[in-house]
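# I would like to see how this sequence folds:
(chains A and B)
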2 protein chains.
Amino acid sequence: MTRKELISQIKQKQSFLCVGLDTDIDKIPNHLLDLEDPVFEFNKQIIDVTKDLCIAYKPNIAFYESMGVSGWNSLQKTLDYIPKNIFTIADAKRADIGNTSNMYAKTFFKNTDFDSVTVAPYMGADSITPFLKFENKWVIVLALTSNKGGLDFQTIKSENGKALFEEVVETSQKWGTAENMMYVVGATRAEQLAEIRNIIPNHFLLVPGVGVQGGNLREVAKYGMNSDCGLLVNSSRGIIYAGEGIDFAEKAREEAQKLQQEMTVLLSEKGI
Amino acid sequence: MTRKELISQIKQKQSFLCVGLDTDIDKIPNHLLDLEDPVFEFNKQIIDVTKDLCIAYKPNIAFYESMGVSGWNSLQKTLDYIPKNIFTIADAKRADIGNTSNMYAKTFFKNTDFDSVTVAPYMGADSITPFLKFENKWVIVLALTSNKGGLDFQTIKSENGKALFEEVVETSQKWGTAENMMYVVGATRAEQLAEIRNIIPNHFLLVPGVGVQGGNLREVAKYGMNSDCGLLVNSSRGIIYAGEGIDFAEKAREEAQKLQQEMTVLLSEKGI
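Have a look, this model is predicted:
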């Protein structure tokens, strides 16, 4: 998907919501467990009730991979079921030396045809550039993550006074463009979004941590939104596990709708 | 596998060689391609001719994952075929927020039963500690990698004068012990091995980059070996692609043997 198409979807749906498909067989409603592929059935129903409200889906690859072959099958079926005008993110946090990153890129861009994949920056340029060779595909680089451990290394100040996450953003943005790179910035670090926006005014930011992890949507928009919106805000557990019974899809829609309506307000305040 | 068992294998075989199974369907000899599972057949023959020379195997997960379901099957068969007294490393470079790292740990420690998995440190403590809850299983944390991009961020000096890789080693070693944590330090950075040894005298180091990537084994031993050896030195392409024809296994053995013999000398010089 191109940047232009993504922005057009945001304007059309008045939403910058990404739904995280962290689908855990131990957490999905009992009545689905007798079906042939409970994970796909769960995702299918979640997609049915949220596809008019969100502009992206983010399957968390660990959850599928941990189920072995059946998990990869559920993932592929899920990806095939997602409407083509919705942006897809393989949340995989991959990256390795060049010839290995080539293989990861093949997995997510050729075999499974995701629009984007999340990558870890620790191994530097040649671990990420192989992903950038694919047309209309994106890498989403970890900058400042929403978890507690995000503060262990990412905020260490360098000799020149810059935090590691700033070094990462500043250096890595040169490897691609705002048309094929995004950054992960946790919603729990809303104020630092401003520092990142100073470095990359145009790039999209993928913002996890709204909901269960405690991030605040208005704060995220205040510090992170640009004139194209420039944000994909993800909620996973807060939406998909909103209910536990046969009405789980209905409850999921309610939670997604709350966020989408809040987003509509924030977009309109910005004139988008 | 326990640390004691690993050290005992090193002494018995007079080797600290790890063979990297970066098995690429596009690079394996033609005569294997008609078989039902060429990737497993290739690995099987490599294992047959190297299992007396090495103390670890390191399948590079990207290569198997990129083949989809058939790749995961080849990986499982390979793992089942490796003798139980040889240490196994899932070279996966995973790590994510806690509930996700739990899933990755499940994949590699429960479903596939590897002895260890490589992890990226960028997301900090809670992205790595879930892997440390499994008895006799190990995490191998990226410290200083052998690729060119390893110098993009890992060697950035912090305000207190420490390089990022030193911060990573110093902080992360507190999350586990020398019984369940190792570190990746590239052979192309042999002199910096000494700095890392200062911080963690007892931990094992997994050292890639000998061979194709240009690292020197004697230098690695000089700066990295401790009284238990404390090293697993990996060679992947240099061994498994030493030959291209029907004698590929023979050629692979020759290359592995050269390294193992050099290792025997280095171990004996150290009195191990």
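# so who does A:Gly124 touch?
Shown in contact with A:Gly124 (CB atoms under 8 Å, 6 or more residues apart in numbering or on different chains): B:145, B:147-154. C-beta here means a position set from N, CA and C on the backbone, and glycine is covered the same way.
# so which bits of stretch A:72-84 are buried?
Of all the residues in stretch A:72-84, those buried under the rule 16 or more other CB atoms under 10 Å in any protein chain shown are A:72-76, A:78-79, A:82.
# looking at those, spot the one nearest B:Gly271.
The closest of the buried residues of stretch A:72-84 to B:Gly271 turns out to be A:Trp72 (CB to CB; 48.8 Å).
# how close does the closest one get to A:Tyr104?
When distance is defined by CB to CB, to the nearest Å, A:Trp72 is 14 Å away from A:Tyr104.
# likewise for A:Ala163?
According to CB to CB, A:Ala163 stands 27 Å off from A:Tyr104.
# more neighbours: these two, which one.
A:Tyr104 (25 against 18; other CB atoms under 10 Å in any protein chain shown).
# tell me the phi and psi of the nearest residue to that one once chain neighbours are set aside?
On the basis of CB to CB, 6 or more residues apart in numbering or on different chains, the spatially nearest residue to A:Tyr104 that is not a chain neighbour turns out to be A:Arg94, at 4.3 Å. The phi and psi values for A:Arg94, taken as degrees, to the nearest 10, are phi -90, psi -180.
# how about the contacts made by A:Arg94?
Contacts were defined as CB under 8 Å, 6+ apart; by that measure A:Arg94 touches A:101, A:104, A:108, A:117-120, B:62, B:93.
# so how far is B:Asn60 from it?
Per CB to CB, A:Arg94 is found 12 Å from B:Asn60.
# please name the nearest non-neighbouring residue to whatever residue of the stretch 151-272 of chain A ends up closest to chain B.
Shortest the stretch 151-272 of chain A-to-chain B distance, computed as CB to the nearest CB: residue-wise this is A:Asp152, at 3.2 Å. Nearest residue to A:Asp152 in three dimensions, chain neighbours excluded: B:Gly124, at 3.2 Å (CB to CB, 6+ apart).
# likewise for A:Leu259?
Ranked by CB to CB, 6+ apart and with sequence neighbours excluded, the top spatial neighbour of A:Leu259 is A:Leu17, at 5.4 Å.
# my guess is that neighbour contacts A:Met263. True?
Yes. If you go by CB atoms under 8 Å, A:Leu17 and A:Met263 touch, sitting 6.1 Å apart.
# is there a neighbour count for A:Lys157? I'd like the number.
The tally of other residues near A:Lys157 (other CB under 10 Å) stands at 14.
# do the one 5 residues further on as well
Taking other CB under 10 Å as the criterion, the count of residues near A:Lys162 is 17.
# and the closest residue to it other than its chain neighbours, helix, strand or coil?
Taking CB to CB, 6+ apart, and ignoring the residues beside it in sequence, A:Lys162 has A:Glu170 as its nearest neighbour in space, at 7.4 Å. Secondary structure state of A:Glu170, per DSSP: H, G, I helix; E, B strand; the rest coil, is helix.
# number of residues surrounding A:Glu170?
Burial of A:Glu170, expressed as a neighbour count using other CB under 10 Å, amounts to 13.
# now for A:Leu17 and A:Met263: what residues contact both?
Shared between the contact lists of A:Leu17 and A:Met263 (criterion: CB under 8 Å, 6+ apart) are residues A:Val233.
# off-centre distance for the lowest-mean-pLDDT helix or strand in chain A?
In chain A, no helix or strand scores lower on mean pLDDT, DSSP states H and E than helix A:190-199, which sits at a mean of 91. The offset between the C-alpha centroid of helix A:190-199 and the centroid of the whole chain comes to 18 Å, using CA atoms, centre = their mean, to the nearest Å.
# only the buried residues of that helix, if you could.
With the criterion 16+ other CB under 10 Å, helix A:190-199 contains buried residues A:190, A:192-193, A:195-197, A:199.
# same question for stretch A:122-133.
Result for stretch A:122-133 [16+ other CB under 10 Å]: buried residues A:122-131.
# for it, measure first residue to last.
Criterion CA to CA, to the nearest Å; first-to-last residue distance in stretch A:122-133 is 20 Å.
# stretch A:211-230 too?
The separation between the terminal residues of stretch A:211-230, taken as CA to CA, is 20 Å.
# got the CA coordinates for the lengthiest helix in chain A in PDB?
When chain A is scanned for its longest helix (criterion: DSSP state H), the result is helix A:248-269. Extracted in PDB, the C-alpha atoms of helix A:248-269 (Å, rounded to 0.1, in the frame of the first residue of the first chain):
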ATOM      1  CA  PHE A 248     -17.200 -11.000  22.100                       C
ATOM      2  CA  ALA A 249     -17.500  -9.500  18.600                       C
ATOM      3  CA  GLU A 250     -20.100  -7.100  19.700                       C
ATOM      4  CA  LYS A 251     -18.100  -6.000  22.700                       C
ATOM      5  CA  ALA A 252     -15.000  -5.700  20.500                       C
ATOM      6  CA  ARG A 253     -16.900  -3.400  18.100                       C
ATOM      7  CA  GLU A 254     -18.000  -1.200  21.000                       C
ATOM      8  CA  GLU A 255     -14.400  -0.700  22.100                       C
ATOM      9  CA  ALA A 256     -13.200  -0.100  18.600                       C
ATOM     10  CA  GLN A 257     -16.000   2.400  18.000                       C
ATOM     11  CA  LYS A 258     -15.200   4.300  21.100                       C
ATOM     12  CA  LEU A 259     -11.600   4.800  19.900                       C
ATOM     13  CA  GLN A 260     -12.700   5.600  16.300                       C
ATOM     14  CA  GLN A 261     -15.100   8.200  17.500                       C
ATOM     15  CA  GLU A 262     -12.500   9.800  19.700                       C
ATOM     16  CA  MET A 263     -10.200   9.800  16.600                       C
ATOM     17  CA  THR A 264     -12.800  11.400  14.400                       C
ATOM     18  CA  VAL A 265     -12.900  14.300  16.900                       C
ATOM     19  CA  LEU A 266      -9.100  14.600  17.000                       C
ATOM     20  CA  LEU A 267      -8.900  14.500  13.200                       C
ATOM     21  CA  SER A 268     -11.500  17.100  12.800                       C
ATOM     22  CA  GLU A 269      -9.800  19.400  15.300                       C
END
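# what comes into contact with it?
For helix A:248-269, using CB under 8 Å, 6+ apart, the contacting residues are A:10-11, A:13-17, A:19, A:28-29, A:42, A:45-46, A:48-50, A:53-54, A:210-211, A:217-218, A:221, A:225, A:229, A:233, A:235, A:238-243.
# cheers, nothing more for now.
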